[in-house]
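S.K.: any chance you can model this:
(one chain, ligands or ions: 3)
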Amino acid sequence: MEKKVFIKTFGCQMNVYDTNRIYDSVKKIGFHKTQSQENTDCYILNTCHIRDKAKEKVYHEIGRVKKIYKNKKKPILIVAGCVAQAENQEMIKREPYIDIVIGPQSYHKINNVLSNFESNKKNEETEFETISKFQFLEKIENKNNTVSSFLTIQEGCDKFCNFCVVPYTRGPEFSRPFIQIIKEAEQLIKNGAKEITLLGQNVNAYSYKEKNKEFRISDLILELEKYSELERIRYTTSHPKDMTDDLISCYSKSKKLMPFVHLPIQSGSNKVLQLMNRKHSVEYYIEIYEKLKKINPNIEFSSDFIVGYPGEEDVDFADTINLIKKIEFINSFSFIFSPRPGTKASQLELIDKDILNLRLLKIQELLFKFQKKMNNSFVGKEIEVLVENKMKDEKKLFGRNKFLNSVIFEGNKKNIGKIVNVKIDSCNQNSLFGKIQLKKNMKAA
Ligand code: SAM
Ligand code: SF4
Ligand code: F3S
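M.R.: Ligands and ions are numbered 1, 2, ... in the order given. Predicted structure coming up:
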């Protein structure tokens, strides 16, 4: 009998990619994807451990699942993702409702574990076996059929910023074989992908060596460029240290690489960057920014900021504000420092909560100001939009411009998967709104 599987995904794009691959994988043993969390045979929580009370959130989610299935047959409950990796068997001890705990580098084992599942036996798989994982996934077609698709090329991190759990939850840096990635990209393109975002916790650290040749992310970009059906290439998340000249030169060599760089800096103060063990200075970051702007003045930037890292004083925070004013990031993420268990920074003395909240408010106010400034600059103009899907209300279309801004507009759904011109007539902080325009040689659709 056909069985159903539901996955609730938290965290970064890499978890979104993993979720899609888990769906592809378990289908082989008869578990089919469902959108209904109320009526499934297997319920997977794909978790994130990056901030706040991540662990508690997972137990809270399990509480919800328990309620849903109070008077029904219990689904097989699997905790996957970064909390699973960090907490492993502790989770099963604390919450017997959990059946299986599986870390992100053990997904190649999921079919076996599920096939041999017995309700009275718990299972925990949290070894770092990235090579085996990708060798297994290579044999299973990537069935994702979205216009904009993610493709993981690299996993893990060797940089050990003092605040971050990723090196502990995703393990050491690992780069997938070049040809394996290209083959998977071909599957995505065959299934309708017009945009591919290459993913990695340190995506631009990608380095695969074969027969005395080193393949870098720049080689992947230039290879993908050759596929005529593919319109756009992006990558995330990159580290300033790995913005090498070959990657920078792609912004002149490639027509498909989008002129939008998400480059986290975390703080505008060298003192704080050093305390964080970020391995780069503010000046170095600005150098990269200037090199990119020189190669293409239209490139726009976004970043991640941590507010209130232990030791951050008013002058350091002022440096961050000045950096934002200099670069005018068009959209960015800002978070209050959250001590993560097991990291070096977890033992440090925290800054007063009122100061933290004030700084967060101030940084977000400024970031939103530049975000709105950018959005306003599109009003009255015609811009190119890759149409991704229909909006939930089924009336309007959703797409993105080159800078990843959300664009919501009137138009025919036949345009999904195409690049169209949209005249923008209004905007808010998060989206642009407008109407599709007919290109001169475009049929009315
Ligand atoms: N590899 C990327 C880099 O080097 O910038 C970042 C990956 S991390 C998944 C995404 C973002 O989460 C980081 O850039 C950082 O701003 C934020 N983050 C990570 N650990 C954090 C912590 N302990 N507290 C607050 N924010 C954190
Ligand atoms: Fe985390 Fe990124 Fe630092 Fe690695 S480089 S430890 S993923 S913030
Ligand atoms: Fe979260 Fe793990 Fe991604 S901690 S941000 S899901 S790498």
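
S.K.: which parts of the stretch 151-300 of the chain sit against ligand 2?
M.R.: 157, 159-161, 164, 166-167, 201-202, 239 (Cβ under 6 Å from any ligand atom). For every residue, glycine as well, the C-beta is placed using N, CA and C.

S.K.: ok, 8 Å please
M.R.: Contact residues, the stretch 151-300 of the chain versus ligand 2 (Cβ under 8 Å from any ligand atom): 157-161, 163-167, 170, 201-202, 237, 239, 264, 266, 278.

S.K.: near ligand 1 too, which of these?
M.R.: 157, 159, 161, 163-166, 201-202, 237, 239, 264, 266, 278.

S.K.: in a markdown table, list those residues along with distance to ligand 3.
M.R.: Formatted as a markdown table, these follow (distance: Cβ to the nearest ligand atom, whole Å):
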| residue | distance to ligand 3 |
| --- | --- |
| Cys157 | 9 |
| Lys159 | 13 |
| Cys161 | 13 |
| Phe163 | 12 |
| Cys164 | 9 |
| Val165 | 6 |
| Val166 | 5 |
| Gln201 | 6 |
| Asn202 | 11 |
| Thr237 | 9 |
| His239 | 14 |
| Pro264 | 12 |
| Gln266 | 14 |
| Arg278 | 17 |
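
S.K.: closest one of those residues to Phe329?
M.R.: Pro264 (10.5 Å; Cβ to Cβ).

S.K.: the helices in the protein, which residues?
M.R.: In the chain, the helices defined using DSSP state H lie at 13-27, 54-68, 81-87, 89-94, 110-115, 130-138, 166-169, 178-190, 217-224, 245-253, 270-276, 282-295, 314-327, 353-378.

S.K.: just the C-alphas of the shortest one, formatted as CSV.
M.R.: Yep, that's helix 166-169 we're talking about. In CSV, the C-alpha atoms belonging to helix 166-169 read as follows (Å, rounded to 0.1, in the frame of the first residue of the first chain):
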residue,chain,number,x,y,z
VAL,A,166,27.7,24.8,11.6
PRO,A,167,31.1,23.1,11.8
TYR,A,168,29.7,20.9,14.5
THR,A,169,26.4,20.1,12.9
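
S.K.: and it, which residues are buried?
M.R.: Applying a neighbour-count criterion of 16 or more other Cβ atoms under 10 Å, one finds 166-169 buried in helix 166-169.

S.K.: contact partners for the closest residue to His280 other than its chain neighbours?
M.R.: Nearest residue to His280 in three dimensions, chain neighbours excluded: Pro240, at 4.7 Å (Cβ to Cβ, 6 or more residues apart in numbering). By Cβ atoms under 8 Å, 6 or more residues apart in numbering, the contact list for Pro240 reads 263-265, 280, 284-285, 288.
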